[in-house]
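Colleague: Can you look at this prediction? I've put the sequence above it.
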Amino acid sequence: MRRRRDAKIIGTLGPSSNDRETILKLFDAGIDVFRLNFSHGSHEDHAKTHGIIRSVEEERGRPIGILADLQGPKLRVGKFANGKEMLVPGEQFVLDQDPTPGDGKRAPLLHPEIFAALSVGSNLLVNDGKIRLKVLEFTEQRAVTEVLVGGEISSNKGVNVPDLVLPISPLTAKDRRDLDYALELGVDWVAMSFVQRGEDMAELRSLVGNKAAIMAKLEKPSAIDDLNNIVHLSDAVMVARGDLGVEMPQEIVPVVQKKILRCARQEGKPVVVATQMLESMINSPVPTRAESSDVATAVYDGADAVMLSAETAAGSFPIEAATAMNRIIIEVERDPYYRKSINAAMPTPGDTVADAISSSLHHVATVIPLAATFTYTESGFSSFRAARERPEAPVIGCTPNVETARRLALVWGVHAVIYQVMNSIEDMVSHAINITLAEGFGEMGEIIAITAGMPFGRTGTTNMMRLTRLKELPNTDQLPSRD
């Protein structure tokens, strides 16, 4: 079940896709990582879906990643006595902490953390930015605003605060319960919403430890201000363009997307581009040309993964959406300009032995065509660093840990293989040759590169590179099982 592409696909599961038959078809169509959205569904629902994914993984014989996406704080206006009101530009509108239902002059905003962070001139956005308010004056209990952009406002609509860093944790009590349950299930990645600063990711790390890899969802301007720190403290990042497009001018979002991709590539951290990628396929069996171009742009820019949200979770054509995204990626990666684009964004190597080895591999591949690159890794770090170089040859991440293999399902160009710990370089070479031939990565006479750490079995010691030619081996018992 090897993929014939490097960029990966994340598919969100929901009412349209949480049965076994559909999940199996989605995997076969190209989904590499399945997203469990904890904004919806019960713990029991997610446990059932998790079990189905693992059964599909066993049937198909390939590691599958599972991403738990935490909801994060939801800031909302309260209720209106009439259900909704019409705000007129230029008029004043009051937000306060009085729970009494609102009217055309005021509304409850029961979030003291917002009032604690307000300043004169701050903008408040309601209902995905359709309503824009400017703070004229405020106290700890009340804010007088001017309606800059009016329209209909109704009960429980979301509020965005793009100019403010709120003094709250991105993990609500619900998120902490969901996190504990997700880790108990054994998810591979945890994505956190409402990240504002690096300290937020440090908090998540302290709770997760090494039970899963952690991902920052970049959806607030304050997160972009602290981008380097957040990327450094995360295992991966997501360009969550939905809220980014609300909290900053939409014309800036593509620029920010490229900035995030450059920063994460330099750090060797995977990047997921998400939100509205094939939005029309919620109700249509084919994407628009603009959507196809949007996916293609993310791939040309070197994204590790692109994500389907409502398209697969609640849409009428989940299999068609996964198939369309798979085809778009394959076509982009066939384009000769794609390789030029990827190489033009080559990051500067770090000052570690692992980076030196990975950089050398890239150089070797420009001199000698390689059928595959093998990274023998306990934690997955060597495979992450090799993928950072975006080599032309597939990166085969060999690990004795199934948890590591599942995390690598998200990483650009990595084909994860589970193996028993090797005792000698000869065993490693024989294993790599057999995997290459059995999985169809190369043919007799071609060359593969192997990286590993010496001594064996010690994490973080990548210090060896070896080139070997594919040949028949006397011990055919070493061929990997296809079960």
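Modeller: Alright, I've got the coordinates.
Colleague: after the host helix or strand of Val190, next one along is what?
Modeller: According to DSSP states H and E, Val190 maps onto strand 189-192. Using DSSP H and E, the helix or strand that follows strand 189-192 towards the C-terminus is helix 198-208.
Colleague: Show me what the following helix or strand past that following helix is packed up against.
Modeller: Once the chain leaves helix 198-208, the next helix or strand it forms, by DSSP H and E, is strand 213-218. In terms of contacts (3 or more C-beta pairs under 8 Å, 6 or more residues apart in numbering; DSSP states H and E), strand 213-218 is packed against strand 189-192, helix 198-208, helix 227-233, strand 236-240. All C-beta spots, glycine's among them, are computed from the backbone N, C-alpha and C.
Colleague: Neighbours of Glu137, how many?
Modeller: A count of nearby residues for Glu137, using other C-beta atoms under 10 Å, gives 11.
Colleague: That one against Ser119, yeah?
Modeller: No: between Glu137 and Ser119 there is no contact under C-beta atoms under 8 Å: 10.6 Å.
Colleague: can you list the weak-confidence ranges in the stretch 351-483 of the chain?
Modeller: 454-461, 473-483 (pLDDT under 70).
Colleague: in it, which spans are helices?
Modeller: Using DSSP state H, counting those that start in this stretch, the helices of the stretch 351-483 of the chain run over 353-367, 381-388, 402-408, 425-438.
Colleague: Deepest in the core, which of those is it.
Modeller: Mean neighbour count, computed with mean count of other C-beta atoms under 10 Å, is highest for helix 381-388 among the helices of the stretch 351-483 of the chain, reaching a mean of 27.
Colleague: what sits up against that one?
Modeller: Contact with helix 381-388 is made by 265, 268-270, 304, 347, 354-355, 357-358, 361, 373, 375-377, 395, 397, 399, 408, 411-414, 416, 451-453, 459-460, 462, as judged by C-beta atoms under 8 Å, 6 or more residues apart in numbering.
Colleague: Now which of these would you call buried?
Modeller: The neighbour count (16 or more other C-beta atoms under 10 Å) marks 265, 268-270, 304, 347, 354-355, 357-358, 361, 373, 375-377, 395, 397, 399, 408, 411-414, 416, 451-453, 462 as buried among these.
Colleague: Provide the count of other residues in contact range of Thr22.
Modeller: Neighbour count for Thr22, taken as other C-beta under 10 Å: 16.
Colleague: Please verify my assumption that it contacts Ala321.
Modeller: No: counting by C-beta under 8 Å, Thr22 does not reach Ala321; the two are 11.7 Å apart.
Colleague: Now the residue most central in space within the chain: which helix or strand?
Modeller: With distances taken as C-alpha atoms, centre = their mean, the residue of the chain nearest its centroid is Val272 (3.7 Å). Element membership of Val272, judged by DSSP H and E, is strand 271-274.
Colleague: same for the helix or strand following that strand, what does it pack against?
Modeller: Using DSSP H and E, the helix or strand that follows strand 271-274 in sequence is helix 289-300. Under the contact criterion of 3+ C-beta pairs under 8 Å, 6+ apart, helix 289-300 touches strand 305-308, helix 318-334, helix 336-344.
Colleague: which of the ones you listed is buried the deepest?
Modeller: When you average the neighbours per residue for each of the helices and strands packed on helix 289-300 (mean count of other C-beta under 10 Å), strand 305-308 leads with a mean of 26.
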